[in-house]
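[1] I would like the atomic coordinates for the input below:
(2 chains)
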Amino acid sequence: MVPYLFLAPALIGTIAFKLYPIFIGFWESLIYTSFSGGVEKRIFVWFENYQYLFDDKIFWKSLEITAFLTIIINPLQIAMSLGLALLLMRKSKFIRIIRSLYLLPIGIALPIATIIWGLMLDPNQGLINGLIGVFGIPPQPFLVSENQALWCIIAIATWKGVAFWMLFLLAGLEDIPKQYYEAAEIDGATPFQKFRYVTLPQLKRTILFVFVADTAANFVLMVPMIILTKGGPLQSTNVLIYEGYRSGFYYQDWGRSLSIITILTVITLIVIGLQLLFLSERNEGIKVK
Amino acid sequence: MKKILASLCTIFLFSNIVTSAKAEINFLIGTWAEEPLTPFVEAFEKETGIEVNIQTFPFRDLLATIEVRGNAQADDVDVIFVDAPLVPSYAVRGMIGPMDEYFADTSVNAIFAPAGIAAASWNGEMYAPPLNNSGQLTYYNKDLLAKAGCAEPSMIEAERVTWEEIVDCAKKITDEANGVHGFIFDQISRYYQLQALPESAGGGSGVCEGGLSVKGCLTNDGWMKAGQFYYDIHNTSNISPKGVGPDQTHELFGLGKIGIFVGGSWNNGRWADTDLNYGVALHPYFEGGKVVTGCNSWHIGVWNHSKQKADAAKLVRYLTASPDVAIHYVEEHNSLPAHNSAILHVAEDPKFNNFPGIVMNLATYESANHCATRGRTPGFLEFEEIVNTSFEDIRNGGDPASVLADAESRIESSMRRYK
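    Residues are numbered from 1 along each chain as shown, chains lettered A, B, ... in the order given. Down below sits the predicted model:
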């Protein structure tokens, strides 16, 4: 009984603030609100909202963009965070100052960072076009281009996110006993072999956590879309979370909005489940040799 | 001791009763209206003893907040700003209530211009009286036009400039290397302003008769012509810059970087302190097409879930029916009035016959004679959002025909809720 009592506050919090909203969201996704004849009617329609969604090409395009973003942004952020963490593990007189500099983006709120990046990426008066102009590169449209806007958002989110995820990896790296590296050196291991056979296996649990948390965070990334692109140009940055937000808050179609959010929740759970399955300790994918 | 305690308790209780008896109403407005309205709200508080808590929001956030509060049927809102075309949407969904009973002792026709009453009403009832009106004009940089050898657009109806003439002149002015463009819309990619294009080309408002469908009304020849025009000025002739938001356009014109600027009367005061050598003319139209300009503005309504509707209605009437508020908006903010007294004020004061005051006279003329009321539909919120996004997509290089077809299909799907 005592263990359950200790667990109770966390369990109550999880049920009240996680499971209950998910259930309510799912339940409301089965409701269709009609204003026919000027009278508001809430009608239980089973999965009709989902059926409409599956017939809607905007939804499929949005799903495609979300999948593309997920495939690109998560490995990119993890790789960059790990690379940065490894660089910052090097011994240097100024390492504390350098680490602090790299941590600066964490202290800037995402909306503020987005606005600053929006100004820098302005196709007419932006700093970035000024800089690339020095190298003879013509001005780029960036956020107003169907082909460049999503990449710009990936860059902004990565600039903001890498330092945060790096912190966890840095902590994980600090925890690896120095003796392992000394033993590897005595055995004549190259730097790559030390990374492959010592660092990666020892960092596996941290990487798994960062991977799962980063994936979940990027599935709900929409601040740059709200502030800079509104899902455009031509739907090119219209990820599922933004389409769900827009359906609810702009179009007032809460049945559609919550159907999208429910689908996104299921996709997130599946992707995270797969990550846990393939990267967990029980899996033999990466071995300490 | 007991007596002292009893007295203190009585005072405490009494003070609470007094405090709770003092009415306080919550008023949701746009950030741009805080400065003009605050003195009048303070005067209202003094006069009635009703406290008003003003809550300000930027345009898009204001609409989102109203929706969120409406869905929650929140009773902590009493009075809201209502964008004119949203009157049917809010009325149908029960977010604002009819106001006729609060104006029963007077004739609304004596207070407001007919167009304002029409925009405030749905199904024959007045839901949200107008605070002001709006009108669109052509502003031009005299120096840039002279340098390009263009004739200045006219204030005379018979010599009204056409869109074709605007494009011809703007091409001569555009000098992209120096950041100078020939033309820009004030409210880029916003239906409010761009509706004038398809209307002038004979395409209508985009909303079909009855207000419950857009099928064929957003993809007709007029809308296609308007879409192609909007595409061309940003992608073919490049007379208008991309990547500029509606908040930046008047600044670019003020800096002398734009030759011709089509925008609202309220812009006039923005260039008063600059060296800009500019003129004003009537709104353009397509050669052979209709003369049409954007109009209507913000209204104020009583929140239907409010527990203090009578007090809320007093504030609405105080702000909308007062000639002082309307004249203040004219004098200080170059906003067109919907109030008859203020319209008369503009007509009679000689300062509005000469530049720059003539802007108010011209805008009043445009609004009174060529006003295109925005599409009347209970689904306006969805309609406007999708049309705005579509214009922005066209501006960014999207094929007008397919973008408009997509928009029509999306809006038609969202309107099923109202049928």
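
[2] Run a quick check on B:Gly301 versus B:Asp83, I expect a contact.
    No. With contacts counted by CB atoms under 8 Å, B:Gly301 stays clear of B:Asp83, the gap being 10.6 Å. All C-beta spots, glycine's among them, are computed from the backbone N, C-alpha and C.

[3] more neighbours, the two?
    B:Gly301 (28 against 24; other CB atoms under 10 Å in any protein chain shown).

[4] Quick check: beta-bridge partners of the more buried one?
    B:Ile80 (DSSP bridges).

[5] What ranges does the stretch 1-150 of chain A have for its helices?
    A:2-14, A:20-28, A:48-54, A:57-88, A:95-107, A:110-120, A:127-134, A:149-175 (DSSP state H, counting those that start in this stretch).

[6] repeat for the stretch 251-400 of chain B
    B:309-320, B:323-333, B:340-348, B:358-370, B:380-395, B:400-414.

[7] contacting residues for residue 76?
    Here I'm looking at chain A. A:Ile154, A:Thr158 (CB atoms under 8 Å, 6 or more residues apart in numbering or on different chains).

[8] let's do chain B instead
    Contacts of B:Asp76 (CB under 8 Å, 6+ apart): B:Asn26, B:Arg69.

[9] In three-state terms, label it for me.
    With DSSP: H, G, I helix; E, B strand; the rest coil as the basis, B:Asp76 sits in coil.

[10] One more: B:Gln55?
    Going by three-state DSSP: B:Gln55 is strand.

[11] how many neighbours does the closest residue to it other than its chain neighbours have?
    Nearest residue to B:Gln55 in three dimensions, chain neighbours excluded: B:Leu28, at 5.2 Å (CB to CB, 6 or more residues apart in numbering or on different chains). Residues contacting B:Leu28 under the criterion other CB under 10 Å number 21.

[12] Surely B:Leu28 is within a strand?
    Yes. Judged by three-state DSSP, B:Leu28 forms part of a strand.

[13] Specify the beta-bridge partners of it.
    Going by DSSP bridges, B:Leu28 forms beta bridges with B:Gln55, B:Ile80.

[14] Just confirm it contacts B:Leu62, I think it does.
    Yes. B:Leu28 is in contact with B:Leu62 according to CB under 8 Å; the separation is 6.6 Å.

[15] joint contacts of those two?
    In contact with both B:Leu28 and B:Leu62: B:Phe81, using CB under 8 Å, 6+ apart.

[16] just so I know, which of the helices of the stretch 251-400 of chain B lies nearest chain A?
    Nearest to chain A among the helices of the stretch 251-400 of chain B is helix B:380-395 (4.3 Å), distances taken as CB to the nearest CB.

[17] Next, the contact list for the residue most central in space within chain A, please.
    Computing the C-alpha centroid of chain A and ranking residues by CA atoms, centre = their mean puts A:Asn218 first, at 1.6 Å. For A:Asn218, the contacting residues are A:Leu69, A:Thr70, A:Ile73, A:Asn74, A:Gln77, A:Ala157, A:Gly161, by CB under 8 Å, 6+ apart.

[18] Please produce a markdown table containing these, extended by distance to B:Val325 and neighbour count.
    Listed next are the contacts of A:Asn218 as a markdown table, based on distance: CB to CB, whole Å; neighbours: other CB atoms under 10 Å in any protein chain shown:
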| residue | distance to B:Val325 | neighbour count |
| --- | --- | --- |
| A:Leu69 | 49 | 20 |
| A:Thr70 | 53 | 18 |
| A:Ile73 | 51 | 22 |
| A:Asn74 | 55 | 23 |
| A:Gln77 | 53 | 25 |
| A:Ala157 | 46 | 23 |
| A:Gly161 | 49 | 24 |
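
[19] B:Ile25 should be in a strand, yeah?
    Yes. Per three-state DSSP, B:Ile25 lies within a strand segment.

[20] Without its sequence neighbours, what residue ends up closest to it?
    Here the residue nearest B:Ile25, using CB to CB, 6+ apart, is B:Asp78, at 3.9 Å.

[21] Also B:Pro98?
    B:Glu125 (4.2 Å).

[22] ok, the one you found to chain A distance?
    Distance, B:Glu125 to chain A, using CB to the nearest CB, to the nearest Å: 11 Å.

[23] That residue bridge partners, please.
    So, taking DSSP bridges as the rule, B:Glu125 has B:Trp122 as bridge partners.

[24] how about it, what does it touch?
    Per CB under 8 Å, 6+ apart, neighbours of B:Glu125: B:Ala91, B:Pro98, B:Met99, B:Asp100.

[25] Count the neighbours of B:Lys351 for me.
    With other CB under 10 Å as criterion, B:Lys351 counts 12.

[26] Any residues of the stretch 51-200 of chain A in contact with chain B? List them.
    Within the stretch 51-200 of chain A, the positions lying close to chain B (CB under 8 Å from any CB of the partner chain) are A:52, A:56, A:58, A:122-125, A:141-146.
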